[in-house]
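**Student:** What shape does this take:
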Amino acid sequence: MTETAPRPRRSRMRLLLGATCAAVLSIAGTVIAAPSAHAEADRTLTSNLTGTHNGYYFSFWKDSGNASMTLRADGRYSSSWDRSTNNWVGGKGWATGTRRTVTYSGTYNPGNNNTYLALYGWTRNPLIEYYIVENFGSYNPSSGAQRLGTVTTDGGTYDILRSQRVNAPSIDGNQTFYQFWSVRQQKRSSGTITIANHFDAWARAGLNLGTNHSYQIMATEGYQSSGSSDITVREGTSSGGGNPTTPPPTGGGSNCTATLSAGQQYGDRFNLNVAVSNASNWTVTLNLGGGQSIQNSWNAAVTGTSGAVTARPNGNGNNFGVTIMANGNWTWPTVTCRTS
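**Tutor:** Below you'll find the model as predicted:
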(Lines give C-alpha, C1' and ligand atoms only; values in the text may rest on other atoms or scores of the structure.)
Protein backbone atom coordinates (compact mmCIF):
# COMPACT_ATOMS: atom_id res chain seq x y z
CA MET A 1 0.00 0.00 0.00
CA THR A 2 1.42 3.42 -0.96
CA GLU A 3 0.60 6.82 0.42
CA THR A 4 0.74 10.11 -1.45
CA ALA A 5 1.42 12.21 1.63
CA PRO A 6 2.73 11.62 5.16
CA ARG A 7 0.07 10.65 7.69
CA PRO A 8 0.07 10.88 11.49
CA ARG A 9 1.25 7.60 12.91
CA ARG A 10 -2.16 6.87 14.42
CA SER A 11 -3.84 7.11 11.03
CA ARG A 12 -1.24 4.90 9.42
CA MET A 13 -1.56 2.29 12.14
CA ARG A 14 -5.34 2.29 11.93
CA LEU A 15 -5.26 2.05 8.14
CA LEU A 16 -2.94 -0.90 8.32
CA LEU A 17 -5.02 -2.52 11.06
CA GLY A 18 -8.05 -2.07 8.83
CA ALA A 19 -6.14 -3.96 6.19
CA THR A 20 -5.56 -6.62 8.82
CA CYS A 21 -9.28 -7.08 9.24
CA ALA A 22 -9.90 -7.14 5.50
CA ALA A 23 -7.15 -9.71 5.05
CA VAL A 24 -8.38 -12.08 7.73
CA LEU A 25 -11.99 -11.76 6.60
CA SER A 26 -11.15 -12.97 3.12
CA ILE A 27 -10.02 -16.35 4.44
CA ALA A 28 -12.24 -16.69 7.48
CA GLY A 29 -14.71 -18.98 5.77
CA THR A 30 -12.03 -21.54 4.89
CA VAL A 31 -10.10 -21.92 8.12
CA ILE A 32 -12.52 -21.86 11.04
CA ALA A 33 -13.18 -25.33 12.37
CA ALA A 34 -15.00 -26.71 15.36
CA PRO A 35 -12.89 -26.87 18.51
CA SER A 36 -11.18 -30.23 19.05
CA ALA A 37 -12.33 -32.52 21.79
CA HIS A 38 -8.69 -32.90 22.90
CA ALA A 39 -5.94 -30.41 23.65
CA GLU A 40 -4.20 -29.19 20.53
CA ALA A 41 -0.43 -28.93 20.34
CA ASP A 42 1.32 -25.57 20.30
CA ARG A 43 1.24 -24.00 16.87
CA THR A 44 3.46 -21.17 15.61
CA LEU A 45 2.10 -18.83 12.98
CA THR A 46 4.27 -16.75 10.68
CA SER A 47 1.76 -16.06 7.90
CA ASN A 48 -1.74 -14.59 7.94
CA LEU A 49 -4.43 -16.88 9.33
CA THR A 50 -7.61 -17.02 11.42
CA GLY A 51 -9.27 -20.01 13.02
CA THR A 52 -9.78 -21.78 16.33
CA HIS A 53 -7.24 -23.37 18.65
CA ASN A 54 -8.04 -25.17 21.91
CA GLY A 55 -11.55 -23.72 21.83
CA TYR A 56 -10.53 -20.08 21.26
CA TYR A 57 -10.80 -17.99 18.14
CA PHE A 58 -7.50 -16.55 16.92
CA SER A 59 -6.40 -13.98 14.36
CA PHE A 60 -2.86 -13.33 13.09
CA TRP A 61 -1.85 -10.81 10.43
CA LYS A 62 1.31 -9.04 9.36
CA ASP A 63 2.30 -7.12 6.27
CA SER A 64 6.03 -7.97 6.35
CA GLY A 65 8.94 -8.99 8.53
CA ASN A 66 9.63 -11.44 11.33
CA ALA A 67 6.54 -11.24 13.53
CA SER A 68 5.29 -14.59 14.83
CA MET A 69 2.61 -15.82 17.23
CA THR A 70 2.53 -19.18 18.99
CA LEU A 71 -0.86 -20.60 19.98
CA ARG A 72 -0.58 -22.44 23.29
CA ALA A 73 -2.86 -24.17 25.80
CA ASP A 74 -6.38 -22.83 26.28
CA GLY A 75 -6.46 -19.03 25.74
CA ARG A 76 -2.71 -18.51 25.86
CA TYR A 77 -0.63 -17.08 23.03
CA SER A 78 2.88 -15.68 22.86
CA SER A 79 4.29 -13.32 20.26
CA SER A 80 7.49 -11.60 19.24
CA TRP A 81 8.43 -9.20 16.49
CA ASP A 82 11.35 -7.04 15.40
CA ARG A 83 11.83 -3.87 13.40
CA SER A 84 11.78 -5.73 10.10
CA THR A 85 8.00 -5.86 10.64
CA ASN A 86 6.06 -2.84 9.43
CA ASN A 87 2.76 -3.74 11.12
CA TRP A 88 1.35 -6.86 12.75
CA VAL A 89 -1.58 -7.75 15.03
CA GLY A 90 -2.72 -11.00 16.60
CA GLY A 91 -4.40 -12.57 19.58
CA LYS A 92 -6.92 -15.04 20.98
CA GLY A 93 -10.53 -14.60 22.03
CA TRP A 94 -13.97 -15.30 20.61
CA ALA A 95 -15.53 -15.40 17.17
CA THR A 96 -18.47 -13.33 18.42
CA GLY A 97 -18.19 -10.32 20.72
CA THR A 98 -20.54 -9.75 23.62
CA ARG A 99 -20.85 -8.13 27.07
CA ARG A 100 -18.59 -10.74 28.66
CA THR A 101 -16.16 -10.31 31.52
CA VAL A 102 -12.62 -11.12 30.40
CA THR A 103 -9.68 -12.01 32.59
CA TYR A 104 -6.19 -11.86 31.13
CA SER A 105 -2.69 -12.23 32.53
CA GLY A 106 0.89 -12.54 31.40
CA THR A 107 3.75 -10.39 30.23
CA TYR A 108 3.87 -7.61 27.68
CA ASN A 109 7.14 -5.94 26.68
CA PRO A 110 6.52 -2.84 24.54
CA GLY A 111 9.75 -1.04 25.38
CA ASN A 112 9.85 2.52 24.08
CA ASN A 113 8.02 1.44 20.94
CA ASN A 114 4.80 1.91 19.02
CA THR A 115 2.82 -1.10 20.22
CA TYR A 116 -0.18 -1.84 22.41
CA LEU A 117 -2.23 -4.49 24.21
CA ALA A 118 -6.00 -4.21 23.83
CA LEU A 119 -9.35 -5.97 23.87
CA TYR A 120 -10.33 -5.48 20.23
CA GLY A 121 -13.48 -6.11 18.19
CA TRP A 122 -15.94 -5.10 15.49
CA THR A 123 -19.69 -4.72 15.09
CA ARG A 124 -21.95 -4.28 12.08
CA ASN A 125 -25.21 -2.33 11.74
CA PRO A 126 -23.53 0.09 12.18
CA LEU A 127 -19.95 -0.84 11.34
CA ILE A 128 -17.82 0.01 14.40
CA GLU A 129 -14.22 -0.84 15.29
CA TYR A 130 -13.57 -0.75 19.05
CA TYR A 131 -10.66 -0.96 21.47
CA ILE A 132 -10.24 -1.28 25.22
CA VAL A 133 -6.55 -0.42 25.50
CA GLU A 134 -4.90 -1.81 28.61
CA ASN A 135 -1.24 -1.00 27.89
CA PHE A 136 0.87 0.67 25.22
CA GLY A 137 4.43 1.76 24.58
CA SER A 138 5.63 5.20 23.55
CA TYR A 139 2.59 6.04 21.44
CA ASN A 140 -1.02 6.34 22.59
CA PRO A 141 -3.05 4.75 19.76
CA SER A 142 -6.02 7.07 20.39
CA SER A 143 -3.98 10.23 19.82
CA GLY A 144 -5.99 12.72 17.81
CA ALA A 145 -9.35 11.14 18.71
CA GLN A 146 -12.29 13.11 20.13
CA ARG A 147 -12.36 12.84 23.91
CA LEU A 148 -15.85 12.27 25.34
CA GLY A 149 -15.27 11.63 29.04
CA THR A 150 -14.05 8.84 31.28
CA VAL A 151 -15.25 5.65 32.88
CA THR A 152 -13.91 4.17 36.13
CA THR A 153 -14.03 0.40 36.18
CA ASP A 154 -11.95 -2.63 37.17
CA GLY A 155 -9.69 -0.58 39.43
CA GLY A 156 -8.75 2.12 36.92
CA THR A 157 -9.93 5.07 34.86
CA TYR A 158 -10.24 4.96 31.09
CA ASP A 159 -10.48 7.88 28.67
CA ILE A 160 -13.44 7.51 26.29
CA LEU A 161 -12.76 8.66 22.75
CA ARG A 162 -14.09 8.43 19.21
CA SER A 163 -12.31 8.72 15.88
CA GLN A 164 -13.44 8.21 12.29
CA ARG A 165 -11.92 6.38 9.35
CA VAL A 166 -12.99 7.53 5.90
CA ASN A 167 -13.02 5.09 2.99
CA ALA A 168 -10.63 2.84 4.91
CA PRO A 169 -10.21 -0.95 4.98
CA SER A 170 -12.54 -2.79 7.34
CA ILE A 171 -14.04 -6.23 7.83
CA ASP A 172 -16.43 -5.27 5.02
CA GLY A 173 -13.97 -3.79 2.54
CA ASN A 174 -13.28 -0.08 2.26
CA GLN A 175 -15.83 1.79 4.36
CA THR A 176 -16.31 4.93 6.40
CA PHE A 177 -16.79 4.00 10.06
CA TYR A 178 -16.21 5.15 13.63
CA GLN A 179 -13.70 3.77 16.10
CA PHE A 180 -14.64 3.70 19.80
CA TRP A 181 -11.87 3.78 22.39
CA SER A 182 -11.41 3.19 26.10
CA VAL A 183 -7.76 3.89 26.94
CA ARG A 184 -6.63 2.99 30.44
CA GLN A 185 -4.77 5.77 32.24
CA GLN A 186 -2.98 3.33 34.56
CA LYS A 187 -1.22 0.87 32.27
CA ARG A 188 -1.30 -2.82 33.16
CA SER A 189 -0.62 -6.21 31.56
CA SER A 190 -2.92 -8.40 33.69
CA GLY A 191 -6.41 -7.88 35.05
CA THR A 192 -10.13 -8.11 34.45
CA ILE A 193 -12.06 -6.24 31.78
CA THR A 194 -15.78 -5.90 32.39
CA ILE A 195 -16.66 -5.23 28.78
CA ALA A 196 -20.28 -4.33 29.56
CA ASN A 197 -19.08 -1.34 31.59
CA HIS A 198 -17.28 0.04 28.54
CA PHE A 199 -20.21 -0.65 26.23
CA ASP A 200 -22.51 1.15 28.68
CA ALA A 201 -20.10 4.07 29.13
CA TRP A 202 -19.84 4.47 25.36
CA ALA A 203 -23.63 4.44 25.07
CA ARG A 204 -23.94 7.12 27.76
CA ALA A 205 -21.51 9.22 25.68
CA GLY A 206 -23.69 8.73 22.59
CA LEU A 207 -21.49 6.01 21.07
CA ASN A 208 -23.74 3.15 20.01
CA LEU A 209 -22.28 -0.16 18.87
CA GLY A 210 -23.85 -2.19 16.10
CA THR A 211 -26.39 -4.94 16.66
CA ASN A 212 -24.31 -7.62 14.90
CA HIS A 213 -21.06 -8.48 16.68
CA SER A 214 -18.04 -9.88 14.85
CA TYR A 215 -14.96 -11.23 16.62
CA GLN A 216 -13.54 -10.06 19.97
CA ILE A 217 -9.93 -10.86 20.89
CA MET A 218 -7.22 -9.88 23.37
CA ALA A 219 -4.72 -8.55 20.87
CA THR A 220 -1.10 -7.46 20.72
CA GLU A 221 -0.09 -5.06 17.95
CA GLY A 222 3.21 -3.57 16.85
CA TYR A 223 3.99 -0.92 14.25
CA GLN A 224 7.56 -0.33 13.05
CA SER A 225 8.77 -1.54 16.42
CA SER A 226 10.02 -4.53 18.36
CA GLY A 227 8.60 -6.31 21.39
CA SER A 228 7.03 -9.46 22.79
CA SER A 229 4.04 -10.69 24.75
CA ASP A 230 2.84 -13.85 26.47
CA ILE A 231 -0.84 -13.47 27.28
CA THR A 232 -3.52 -15.85 28.54
CA VAL A 233 -7.15 -14.81 28.18
CA ARG A 234 -10.32 -16.45 29.43
CA GLU A 235 -13.92 -15.53 29.99
CA GLY A 236 -14.52 -14.56 33.62
CA THR A 237 -16.62 -16.91 35.72
CA SER A 238 -18.98 -15.80 38.45
CA SER A 239 -18.27 -16.84 42.00
CA GLY A 240 -20.10 -16.38 45.22
CA GLY A 241 -23.62 -15.10 44.97
CA GLY A 242 -26.55 -14.13 47.09
CA ASN A 243 -29.21 -11.50 47.21
CA PRO A 244 -28.38 -7.95 48.28
CA THR A 245 -30.11 -7.06 51.50
CA THR A 246 -31.70 -3.66 51.72
CA PRO A 247 -31.33 -1.31 54.68
CA PRO A 248 -33.23 1.99 54.67
CA PRO A 249 -32.32 3.31 51.20
CA THR A 250 -32.29 7.04 51.91
CA GLY A 251 -29.95 9.37 53.70
CA GLY A 252 -30.37 13.06 54.25
CA GLY A 253 -29.01 16.15 55.90
CA SER A 254 -29.01 19.90 55.24
CA ASN A 255 -32.12 19.57 53.03
CA CYS A 256 -30.32 17.11 50.74
CA THR A 257 -31.59 13.56 50.24
CA ALA A 258 -29.99 10.59 48.47
CA THR A 259 -32.21 7.64 47.59
CA LEU A 260 -30.85 4.21 46.65
CA SER A 261 -32.54 1.82 44.25
CA ALA A 262 -31.48 -1.56 42.92
CA GLY A 263 -29.79 -2.03 39.58
CA GLN A 264 -28.55 -5.20 37.90
CA GLN A 265 -27.10 -8.01 40.01
CA TYR A 266 -24.38 -10.43 38.93
CA GLY A 267 -22.74 -13.43 40.55
CA ASP A 268 -20.07 -11.38 42.29
CA ARG A 269 -21.33 -7.74 42.23
CA PHE A 270 -24.40 -5.54 42.09
CA ASN A 271 -25.36 -2.10 40.79
CA LEU A 272 -27.02 0.63 42.82
CA ASN A 273 -28.67 3.76 41.47
CA VAL A 274 -28.53 6.96 43.53
CA ALA A 275 -31.00 9.83 43.10
CA VAL A 276 -30.19 13.13 44.82
CA SER A 277 -32.97 15.63 45.54
CA ASN A 278 -33.29 19.11 47.04
CA ALA A 279 -29.79 20.22 46.03
CA SER A 280 -27.63 20.73 42.95
CA ASN A 281 -24.30 21.06 44.79
CA TRP A 282 -24.03 17.95 46.94
CA THR A 283 -21.71 15.39 48.45
CA VAL A 284 -23.05 11.86 48.86
CA THR A 285 -21.19 9.43 51.11
CA LEU A 286 -21.66 5.69 50.66
CA ASN A 287 -20.40 3.66 53.62
CA LEU A 288 -19.48 0.30 52.14
CA GLY A 289 -19.53 -2.87 54.21
CA GLY A 290 -16.58 -5.09 55.01
CA GLY A 291 -14.94 -6.60 51.94
CA GLN A 292 -16.91 -4.48 49.50
CA SER A 293 -15.30 -2.21 46.92
CA ILE A 294 -16.39 0.09 44.10
CA GLN A 295 -15.69 -1.46 40.72
CA ASN A 296 -17.38 1.07 38.45
CA SER A 297 -19.24 4.38 38.60
CA TRP A 298 -21.03 6.72 36.21
CA ASN A 299 -22.51 10.23 36.07
CA ALA A 300 -20.64 11.44 39.19
CA ALA A 301 -17.10 12.12 40.38
CA VAL A 302 -16.49 9.26 42.81
CA THR A 303 -13.55 9.26 45.24
CA GLY A 304 -12.37 6.13 47.02
CA THR A 305 -13.03 2.44 46.41
CA SER A 306 -13.75 1.04 49.91
CA GLY A 307 -15.00 2.21 53.27
CA ALA A 308 -16.48 5.72 53.05
CA VAL A 309 -16.77 6.54 49.34
CA THR A 310 -17.81 10.05 48.28
CA ALA A 311 -19.58 11.20 45.13
CA ARG A 312 -19.99 14.74 43.81
CA PRO A 313 -21.66 16.22 40.71
CA ASN A 314 -19.68 16.07 37.47
CA GLY A 315 -22.12 17.90 35.21
CA ASN A 316 -24.35 14.89 34.47
CA GLY A 317 -27.23 15.78 36.77
CA ASN A 318 -28.39 14.42 40.11
CA ASN A 319 -28.66 10.73 39.29
CA PHE A 320 -25.63 8.46 39.30
CA GLY A 321 -24.73 4.84 39.80
CA VAL A 322 -22.08 2.51 41.18
CA THR A 323 -21.09 -1.12 40.80
CA ILE A 324 -20.10 -2.76 44.10
CA MET A 325 -18.00 -5.90 44.29
CA ALA A 326 -19.73 -7.88 47.03
CA ASN A 327 -16.93 -10.22 48.15
CA GLY A 328 -19.64 -12.17 49.94
CA ASN A 329 -21.24 -9.10 51.55
CA TRP A 330 -24.52 -8.27 49.85
CA THR A 331 -25.69 -5.59 52.27
CA TRP A 332 -26.37 -2.21 50.72
CA PRO A 333 -24.16 0.61 52.00
CA THR A 334 -25.59 3.28 54.23
CA VAL A 335 -25.88 6.62 52.52
CA THR A 336 -25.74 10.27 53.64
CA CYS A 337 -26.07 13.48 51.69
CA ARG A 338 -24.98 17.03 52.48
CA THR A 339 -24.97 20.23 50.48
CA SER A 340 -21.60 21.42 49.26
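**Student:** Next, the buried residues of stretch 194-207.
**Tutor:** Neighbour-count burial for stretch 194-207, counted by 16 or more other CB atoms under 10 Å, picks out 194-202, 205, 207. In short, each C-beta sits where N, CA and C put it, glycine included.
**Student:** Quick one: the strands in the stretch 151-300 of the chain, in order.
**Tutor:** 156-168, 175-184, 191-194, 212-223, 227-235, 250-253, 256-265, 269-277, 282-287, 293-298 (DSSP state E, counting those that start in this stretch).
**Student:** Who are the packing partners of the fourth one?
**Tutor:** Packing partners of strand 212-223 (3 or more CB pairs under 8 Å, 6 or more residues apart in numbering; DSSP states H and E): helix 9-31, strand 56-62, strand 87-94, strand 101-109, strand 115-124, strand 227-235.
**Student:** Might you list the low-confidence residue ranges for the protein?
**Tutor:** 1-38, 237-255 (pLDDT under 70).
**Student:** Show me the domain layout of it.
**Tutor:** Domain ranges of the chain: 9-235, 250-339, per automatic domain parsing.
**Student:** what sits opposite the residue nearest to the spatial centre of the chain in the beta ladder?
**Tutor:** Nearest to the geometric centre of the chain sits residue 132, at 3.2 Å (CA atoms, centre = their mean). Using DSSP bridges, the bridge partners assigned to residue 132 are residue 119, residue 182.
**Student:** In contact with it, which residues are there?
**Tutor:** For residue 132, the contacting residues are 118-120, 158, 182, 184, 193, 195, 198, by CB atoms under 8 Å, 6 or more residues apart in numbering.
**Student:** burial of residue 46, as a residue count?
**Tutor:** Residues lying near residue 46 (other CB atoms under 10 Å) number 13.
**Student:** Test my guess that it contacts residue 70.
**Tutor:** No. Checked against CB atoms under 8 Å, the pair residue 46 and residue 70 is beyond contact range at 9.9 Å.
**Student:** Please identify the most buried of the strands of the stretch 151-300 of the chain.
**Tutor:** strand 212-223 (a mean of 24; mean count of other CB atoms under 10 Å).
**Student:** and the angle for that one with strand 87-94?
**Tutor:** Angle of strand 212-223 versus strand 87-94, following axes from the mean of the first three to the mean of the last three CA atoms, to 10 degrees, is 140 degrees.
**Student:** Quick one: end-to-end length of stretch 52-71, please.
**Tutor:** Stretch 52-71 has an end-to-end distance of 10 Å (criterion: CA to CA, to the nearest Å).
**Student:** same question but for stretch 124-138, I mixed them up
**Tutor:** Termini of stretch 124-138 sit 31 Å apart (CA to CA).
**Student:** And for stretch 105-116?
**Tutor:** 15 Å.
**Student:** With stretch 40-52 instead?
**Tutor:** The stretch stretch 40-52 measures 10 Å between its terminal residues, going by CA to CA.
**Student:** Stretch 95-105 too?
**Tutor:** Note: stretch 95-105 ends 20 Å apart using CA to CA.
**Student:** on that earlier part again, any idea which of the buried residues of stretch 194-207 is closest to residue 308?
**Tutor:** The shortest approach to residue 308 among the buried residues of stretch 194-207 belongs to residue 197, at 23.0 Å (CB to CB).
**Student:** Not counting sequence-adjacent ones, nearest residue to that closest one?
**Tutor:** residue 153 (4.2 Å; CB to CB, 6 or more residues apart in numbering).
**Student:** ok, residue 290 - how many residues close by?
**Tutor:** Neighbours of residue 290 (other CB under 10 Å): 10.
**Student:** again, but for residue 39
**Tutor:** Residue 39: 9 neighbours (other CB under 10 Å).
**Student:** for residue 74, same thing?
**Tutor:** Per other CB under 10 Å, the neighbour tally for residue 74 reads 14.
**Student:** For my notes, confirm it occurs in a strand.
**Tutor:** No. Using DSSP: H, G, I helix; E, B strand; the rest coil, the assignment for residue 74 is coil, not a strand.
**Student:** Kindly provide the distance from the residue nearest to it when sequence neighbours are not counted to residue 84.
**Tutor:** Nearest non-adjacent residue to residue 74, counting by CB to CB, 6+ apart: residue 54, 5.5 Å away. For residue 54, the distance to residue 84 (CB to CB, to the nearest Å) stands at 29 Å.
**Student:** Compare those two (neighbour count), which wins?
**Tutor:** residue 54 (20 against 11).
**Student:** Check whether the more buried one really touches residue 42, as I assumed.
**Tutor:** No. Using CB under 8 Å, residue 54 is not in contact with residue 42, being 9.7 Å away.
**Student:** I figured residue 273 hits residue 262, correct?
**Tutor:** Yes. Assessed by CB under 8 Å, residue 273 is found in contact with residue 262 at 7.5 Å.
**Student:** what residues are up against the closest residue to residue 120 other than its chain neighbours?
**Tutor:** Excluding its sequence neighbours, the residue lying closest to residue 120 (CB to CB, 6+ apart) is residue 219, at 4.4 Å. Contacts for residue 219 were tallied using CB under 8 Å, 6+ apart; they are 59, 89-91, 93, 117-120.
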